[in-house]
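Engineer: predicted model and sequence follow; I will ask about them next.
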Amino acid sequence: MKPRHKRLIFVAVAVVALGVAATLIITGLRSNVSYFFSPTEVLAGKHPKDAVFRIGGLVKEGSLKRIGKSLTVQFIVTDNAADVTTQYTGILPDLFQEGQGVVAKGRIGEDGIFQAEEVLAKHDEKYMPPEAQAALDEAAEAKKNKQQENLQ
Amino acid sequence: MSINWFKYSSPATFYPLAGKLVPWFAWLTAILTLAGLYWGFFQTPDVLSEQKEYYRIIFIHVPAAWMSMWLYFVLVCWALAGLVFNTRLSYMMAAAIAPTGAIATFIALWTGAFWGKTSWGTWWDWDPRMTSELILLFLYVGYMALQSAIDDPRRADRASALLAIVGLVCVPVIFWSVNCPDPTQCAALHQRSGTGKMESNILIAMLVMVFAFWMYAFAVILMRVRNIILERERHATWVNELLETEK
């Protein structure tokens, strides 16, 4: 065996080992990365007391309102099983919307209202103008209807 | 009949070839950048379903992020070739790629911070993709630092090649770390993306910019590798002859 072949084998083994390591990290990240508490966990009292933590979920539809004329807003973070009322003073991120994902950092007051210091909005990576999205939705709807007609 | 595959792996023959290629890549960079930015700014919608005009930063952000991963992959390929075949030019190519890769990584992180402040509400977050991209930046910097820390170029090449190979684990992590269909389950701020969810003009502009970044990388890397060749082969006769004729 030439030295070149030996080195080639060494390199091949190294690359396979890296592949395995990467796969393990990716599966680990997918299943385990949740550095926030869901509303269900918060209501069950699993969150840290007297400490700042993160709460994550969806902004409940129709729950967003402004308190008086201040910059303070109130909304409900939900995981469709439990609700946590959240207050935040400041400018909400652009992607903040009812029905969309949200992560808020703060602490729970004695009144049970989560006082957020920071609100992060999540997004979906749909880069579609409203008209194009409407057209796509329409097309999907038409296709669905056609399939139903065919079934009947 | 046998073709000498290693002909262009000799620095003496690669140096003039690289010199001939650089202007082509430079022109392509200029043309593609102008075309991509024109298309991105004037042929794309101003408002998307959720994002407003600030989404246009993806024409820089996404190509830079892709380049940062690709260049690292290419760097590792050269490092592997160097380890297996012991060719000097392979190591020089790897060394020439590192600064460009580091800059692409930095641009991706920097533009991402701007975008993130407006849309997510934060400059930085320890989201899996951002964290692994930051590690990639450290890998590039570490590669360059290790290379310059060892005086003997042959040993420096081999040591930094090994570091680069181990760091390759980061690239698939960046690429696949975000795949969270349910926002109530995981905290990743980046969401699953797909070209199918993009309006075609936005996609065209983005892909043109990706090619522009590629051409820029080729041009700059070839220019840099020429410098490295001259520096390392300065005692070779062909370099001295070349310098004589250029005087």
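Structural biologist: Received it, and whenever you're ready, just let me know what you need. Numbers count the residues shown, from 1 in each chain, chains lettered A, B, ... in the order given.

Engineer: going by C-alpha atoms from here, please, whenever you check contacts or count neighbours.
Structural biologist: Will do.

Engineer: ramachandran angles for residue B:198?
Structural biologist: Main-chain torsions, residue B:198, degrees, to the nearest 10: phi -110, psi 140.

Engineer: show me what it is bridged to.
Structural biologist: Here residue B:198 shows beta-bridge partners residue A:127, assigned using DSSP bridges.

Engineer: just give me the neighbour total for it.
Structural biologist: Counted with other C-alpha atoms under 10 Å in any protein chain shown, residues neighbouring residue B:198 total 18.

Engineer: for chain A, what's its nearest residue on chain B.
Structural biologist: residue B:48 (3.9 Å; C-alpha to the nearest C-alpha).

Engineer: regarding that residue, what is its secondary structure?
Structural biologist: Here residue B:48 is recorded as coil under DSSP: H, G, I helix; E, B strand; the rest coil.

Engineer: so where do the strands sit in chain B?
Structural biologist: In chain B, the strands defined using DSSP state E lie at B:193-198.

Engineer: helix or strand with the lowest mean pLDDT in it?
Structural biologist: strand B:193-198 (a mean of 70; mean pLDDT, DSSP states H and E).

Engineer: ok, residue B:224 - contacts?
Structural biologist: residue B:96 (C-alpha atoms under 8 Å, 6 or more residues apart in numbering or on different chains).

Engineer: while we're on it, how confident is the model there?
Structural biologist: Residue B:224 is assigned 96 on the pLDDT scale.

Engineer: one more: residue A:41?
Structural biologist: In this model, residue A:41 carries a pLDDT of 85.

Engineer: residue B:245 now?
Structural biologist: For residue B:245, the predicted pLDDT is 82.

Engineer: how many other residues sit next to it?
Structural biologist: Residue B:245: 8 neighbours (other C-alpha under 10 Å).

Engineer: please, where are all the helices along chain A?
Structural biologist: Using DSSP state H, the helices of chain A run over A:3-32, A:39-43, A:130-151.

Engineer: select, out of those, the one closest to residue B:171.
Structural biologist: Nearest to residue B:171, of all those, is helix A:3-32, at 8.5 Å by C-alpha to C-alpha.

Engineer: quick one: is that closest one near chain B?
Structural biologist: Yes: for helix A:3-32, a contact with chain B is found by C-alpha under 8 Å from any C-alpha of the partner chain, at A:4-5, A:7-8, A:11, A:15, A:18-19, A:21-22, A:25-26, A:29-30, A:32.

Engineer: so residue B:46 sits against residue B:199, correct?
Structural biologist: No: look at residue B:46 against residue B:199 with C-alpha atoms under 8 Å: they stay out of range, at 11.9 Å.

Engineer: ok, residue B:115 to residue A:95 distance?
Structural biologist: 11 Å (C-alpha to C-alpha, to the nearest Å).

Engineer: re the thing from before, for residue B:46 and residue B:199, indicate the residue with more neighbours.
Structural biologist: residue B:199 (18 against 14).

Engineer: what about chain A, any weak spots by pLDDT?
Structural biologist: Across chain A, the ranges flagged by pLDDT under 70 are A:1, A:30-34, A:124-132, A:136, A:151-152.

Engineer: what residues go with each domain of it?
Structural biologist: What automatic domain parsing lists as the domains of chain A is A:1-33, A:39-121.

Engineer: let me have the ones you listed in TSV, extended by mean neighbour count.
Structural biologist: As requested, the domains of chain A are exported to TSV (neighbours: other C-alpha atoms under 10 Å in any protein chain shown):
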stretch	mean neighbour count
domain A:1-33	14
domain A:39-121	18
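
Engineer: do you know which of those domains lies nearest residue B:168?
Structural biologist: domain A:1-33 (7.4 Å).

Engineer: for the residue nearest to residue B:143 when sequence neighbours are not counted, which residues are in contact?
Structural biologist: Distances taken as C-alpha to C-alpha, 6 or more residues apart in numbering or on different chains put residue B:160 closest to residue B:143, at 5.5 Å, once the chain neighbours are dropped. By C-alpha under 8 Å, 6+ apart, the contact set of residue B:160 is B:143, B:144, B:146, B:147.

Engineer: mind redoing it with 6 Å?
Structural biologist: Under the criterion of C-alpha atoms under 6 Å, 6 or more residues apart in numbering or on different chains, the neighbours of residue B:160 are B:143, B:146, B:147.

Engineer: neighbours of the second one, just the number please.
Structural biologist: It refers to residue B:146. Residue B:146 has 16 nearby residues by other C-alpha under 10 Å.

Engineer: the residue lying closest to it once chain neighbours are set aside and residue A:16, how far apart?
Structural biologist: Nearest non-adjacent residue to residue B:146, counting by C-alpha to C-alpha, 6+ apart: residue B:160, 5.9 Å away. Residue B:160 sits 19 Å away from residue A:16, taking C-alpha to C-alpha as the criterion.

Engineer: let me see the confidence value for residue B:24.
Structural biologist: Model confidence at residue B:24, given as pLDDT, is 96.

Engineer: quick one: it from residue B:67, how far?
Structural biologist: 20 Å.

Engineer: same check, this time on residue A:87
Structural biologist: 41 Å.

Engineer: likewise for residue B:141?
Structural biologist: Residue B:141 is 16 Å from residue B:67, by C-alpha to C-alpha.

Engineer: ok, the closest residue to residue B:32 other than its chain neighbours - contacts?
Structural biologist: Once flanking residues are discounted, residue B:32 sits nearest to residue B:212: 5.0 Å by C-alpha to C-alpha, 6+ apart. Contacts for residue B:212 (C-alpha under 6 Å, 6+ apart) come out as B:29, B:32, B:33.

Engineer: can you count the residues close to residue B:155?
Structural biologist: Residue B:155: 12 neighbours (other C-alpha under 10 Å).

Engineer: nope, residue B:205 is what I was after
Structural biologist: 24.
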